[in-house]
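[1] How does the following fold in three dimensions:
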Amino acid sequence: MKNRFLLSLISLVPLFSMGQKISFTKADTYQRHTELTWQTEGVSGAEYFKIMRSDDGVNYTAIKTITTKEIIDFSPSNRLDTFYYFIEALNGLNQSLGKSDTIKTQEYEMDDVALMDMVQKYTFRYFWDDAHPTSGMAKERNNSGDIVTSGGSGFGIMSILVGIENGYITRTEGVNRIIKIISFLQFAERFHGVTQHWMNGKTGKAVAFSQFDNGGDLVETAFLMQGLLSARQFFDADNASEKAIREIITKLYEDVEWDFYSRNNSGVLYWHWSPDYAWQMNFPLRGYNEAMIVYILAIASPTHPVPASYWNTGWTSNANYKNGNSWYGHKLLVGPAYGGPLFFAHYSFLGFDPRGIKNKDVNYFINNRNHTLINRGWCIANPLNHKGYSAECWGLTASDNPFGYLAHEPGSRDNGTITPTAALSSMPYTPSESMDALRYFYFTEGEKLFGKYGFYDAFNAKVNWYADSYLAIDQGPIVCMIQNLRTELLWKQFMKNPEIKPALDAIGFVEDLTSNTENTKIEHSIKISPNPAIDDIQISFEEAAELPSKIEIVNLQDQILVSVENQISSNTKININQLNIQGMVLVKLHFGKKVIIKKLIVKP
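    You can find the predicted model right below:
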């Protein structure tokens, strides 16, 4: 009887005490998801956390049980929801150890700027929260342990500058991280000033990329230097820390022996050199691919330059460099058929600003824009009948896929895998089309595709496969190229380096007065809402430098349905009841000789 009474007392003792506490540390809500993080104080033995959610604050449902102290919860529909959450800690026997207070969240409608900023902020975390703890360098991928990447770290350095400008971190935090990175790089293993593709983030020792590729990697080094030189101009304050940053970066750049990688003045630069295997990789750098920045930085070098003639004898010397063919209505000036994977339009252009200049009649901004539109056009045409491809779901470039890793591109290398960085990193070239893709990836695929570091690497609807991986070379361009659309930050900083303009002049770049690259900026500043619409629409030009002289709404046969020439203001209202049409129409905005066309869906 006494033992039974003791057991009864034990069963009445609560499994948690007043000293135990579960408290939220973050509750960020967006249009389709809420991110929660929490901490526990005095809670011992917690192995699981049950996430409880309610839409009325009364009736709660367990939506997930997890082992981590963070969750991203996507709402089940596209409506704006209000949710209430609390967290319950459980031990290994599924017994409650305590509950958090309840927190209320409210989703809100996000405009394009807010959506871009959200994607940048999440993606930035890859380089900030998941950087190597010893060196601050970017990990090759989120599960690569101590393996860090040179080129991806260059992209990460540029992402840190974005983080400062956008307020994700303070300037002091950014300074301290950059000092950590460059201090590591000073003593990391280099080969005639050139880093290996991979390094050990603790020791700085080179890690072989392949059997014979265990020495210097000139392309990865160029991507790293592009980031470092952008940082050198960004950190321009007159204080000891930022002076040290500028001095160390200058020394790292001047240490690179670009001329050594000419392989005895051969007229072309070589990708690899190994102290064990010398030039056995035997990869001369000839275009067209992602390596243009190598030649710009090599010709610009103040200490180990190669002649400007290398641009012609090396970079553009390939017989297939020029193209001139058109696909889906867009002419490709240089590059392989269809342009190749879209990273060709990204990696060398995170800092190098191709707008308004040309070399031998090639405007690389226009080429990159057309390359992007061809890539998108292939996905719309979808000749291989892959599931899910559309005008909003597009983008082929190098990434993980269900079968391994591949540089995806139109043609035989298209296996149905869409890679978000392809469309998102083309944002400066195709702001409207890339924004459509961003919205699709987030609103339609977000629950499977969006995680703690932004969009996962890729997905393939045909086999219902979604990556759980993040790669530095895919995340970095998203942050950087969206910022180049928003503020031109990285283009401005890199191009301010005093070595760059003389190098471009020596190569033969000249001003391109025929360039229409400003159209993309004007186009992105114009907003039509609501879209789809029923009665009235409002066309906003608040961020545009000028107003159109005329607005026309036309059908798909280019017949004018509405024309407005007077009373055009920064917020112009047009009644569309009179159209007597439903479906897609086109809004044509006339800016002198320039015409911007926007799509409008009219609902019945």
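
[2] Quickly find the element holding the most centrally placed residue in the chain.
    The chain has residue 478 as the residue nearest its centroid, 0.9 Å off, counting by CA atoms, centre = their mean. Following DSSP states H and E, one finds residue 478 within helix 472-486.

[3] could you give me the average pLDDT of that helix?
    Mean pLDDT, helix 472-486: 97.

[4] Start at 371, not 1
    Noted, 371 is the first residue going forward, which turns the last one into helix 842-856.

[5] Pull out the buried residues from stretch 948-962.
    949, 955, 957-959, 961 (16 or more other CB atoms under 10 Å). Glycine gets a C-beta too; all of them are placed from N, C-alpha and C.

[6] Now flag whichever of these is closest to residue 406.
    Distance to residue 406, by CB to CB, is smallest for residue 957 among the buried residues of stretch 948-962, at 40.8 Å.

[7] For that closest one, report the pLDDT, please.
    87.

[8] what's the distance between it and residue 930?
    Distance of residue 957 to residue 930, computed by CB to CB, to the nearest Å: 12 Å.

[9] for residue 539, same thing?
    As defined by CB to CB, residue 539 lies at a distance of 51 Å from residue 930.

[10] between the two, who's got more neighbours?
    residue 539 (17 against 10; other CB atoms under 10 Å).

[11] was I right about that one contacting residue 531?
    No. Under the criterion of CB atoms under 8 Å, residue 539 makes no contact with residue 531, lying 10.3 Å away.

[12] what about dumping the CA coordinates of stretch 407-426 to CSV?
    C-alpha atoms of stretch 407-426 as CSV (Å, rounded to 0.1, in the frame of the first residue of the first chain):
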residue,chain,number,x,y,z
THR,A,407,13.5,30.3,-33.6
TRP,A,408,13.5,29.7,-29.8
GLN,A,409,15.8,29.0,-26.9
THR,A,410,15.4,26.8,-23.8
GLU,A,411,16.5,27.7,-20.3
GLY,A,412,16.7,25.1,-17.6
VAL,A,413,15.0,22.5,-19.8
SER,A,414,16.9,19.3,-19.6
GLY,A,415,16.3,16.2,-21.6
ALA,A,416,14.5,17.9,-24.5
GLU,A,417,14.9,15.8,-27.6
TYR,A,418,11.9,17.0,-29.7
PHE,A,419,9.9,20.2,-30.2
LYS,A,420,6.3,20.1,-31.2
ILE,A,421,5.1,23.1,-33.2
MET,A,422,1.5,24.0,-32.3
ARG,A,423,-0.4,26.4,-34.6
SER,A,424,-3.9,27.9,-34.6
ASP,A,425,-5.7,30.3,-36.8
ASP,A,426,-8.1,31.5,-34.1
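
[13] for the record, mean pLDDT for it?
    On average, stretch 407-426 scores 95.

[14] Could you give the separation of it from the chain centroid?
    32 Å (CA atoms, centre = their mean, to the nearest Å).

[15] List of residues touching it?
    386-387, 389-396, 406, 430-441, 443, 451-462, 464, 467-468, 470 (CB atoms under 8 Å, 6 or more residues apart in numbering).

[16] What residues of that stretch count as buried?
    In stretch 407-426, counting by 16+ other CB under 10 Å, buried: 408, 410, 413, 416, 419-424.

[17] Domain map for the protein?
    382-479, 484-881, 898-972 (automatic domain parsing).

[18] Please identify the deepest-packed of these.
    Greatest average neighbour count among these goes to domain 484-881 (a mean of 21), per mean count of other CB atoms under 10 Å.

[19] Could you tell me the end-to-end distance of that domain?
    Terminal residues of domain 484-881 lie 34 Å apart, using CA to CA, to the nearest Å.

[20] which residues sit against stretch 482-501?
    So stretch 482-501 is contacted by 400-401, 480, 507-509, 512, 525-526, 529-530, 532-533, 536, 538-539, 547, 794, 797, 805, 808-809, 812, 820, 822-825, 840, 842, 845-846, 848-849, 852-853, 855-856, 894, 897 (CB under 8 Å, 6+ apart).

[21] ok, now stretch 445-454?
    Counting by CB under 8 Å, 6+ apart, 401-404, 423-427, 430, 443, 472-479, 813 sit against stretch 445-454.

[22] 7 Å instead, please
    Contacting residues not belonging to stretch 445-454 are listed as 402-404, 423-425, 427, 472, 474-479, 813 [CB atoms under 7 Å, 6 or more residues apart in numbering].

[23] and the end-to-end length of it?
    12 Å.

[24] next one: stretch 570-588
    For stretch 570-588, the end-to-end distance is 18 Å (CA to CA).

[25] got the phi/psi numbers for residue 539?
    phi -140, psi 170 (degrees, to the nearest 10).

[26] Return the residues in contact with it.
    Counting by CB under 7 Å, 6+ apart, residue 539 has contacts 498, 533.

[27] how much space between it and residue 466?
    Using CB to CB, residue 539 is found at 38 Å from residue 466.

[28] Then residue 658?
    Counting by CB to CB, the gap from residue 658 to residue 466 is 62 Å.

[29] Quick check, residue 505 in contact with residue 518.
    Yes. Using CB atoms under 7 Å, residue 505 is in contact with residue 518, at 6.2 Å.

[30] hey, what's in contact with both of those two?
    Each of residue 571 lies in contact with both residue 505 and residue 518 under the rule CB under 7 Å, 6+ apart.

[31] quick one: contacts for residue 842?
    Contacts for residue 842 (CB under 7 Å, 6+ apart) come out as 508-510, 519, 522, 525-526.

[32] Same list (those) but as CSV, adding secondary structure.
    CSV is the format used below for the contacts of residue 842 (DSSP: H, G, I helix; E, B strand; the rest coil):
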residue, secondary structure
508, coil
509, strand
510, coil
519, strand
522, helix
525, helix
526, helix
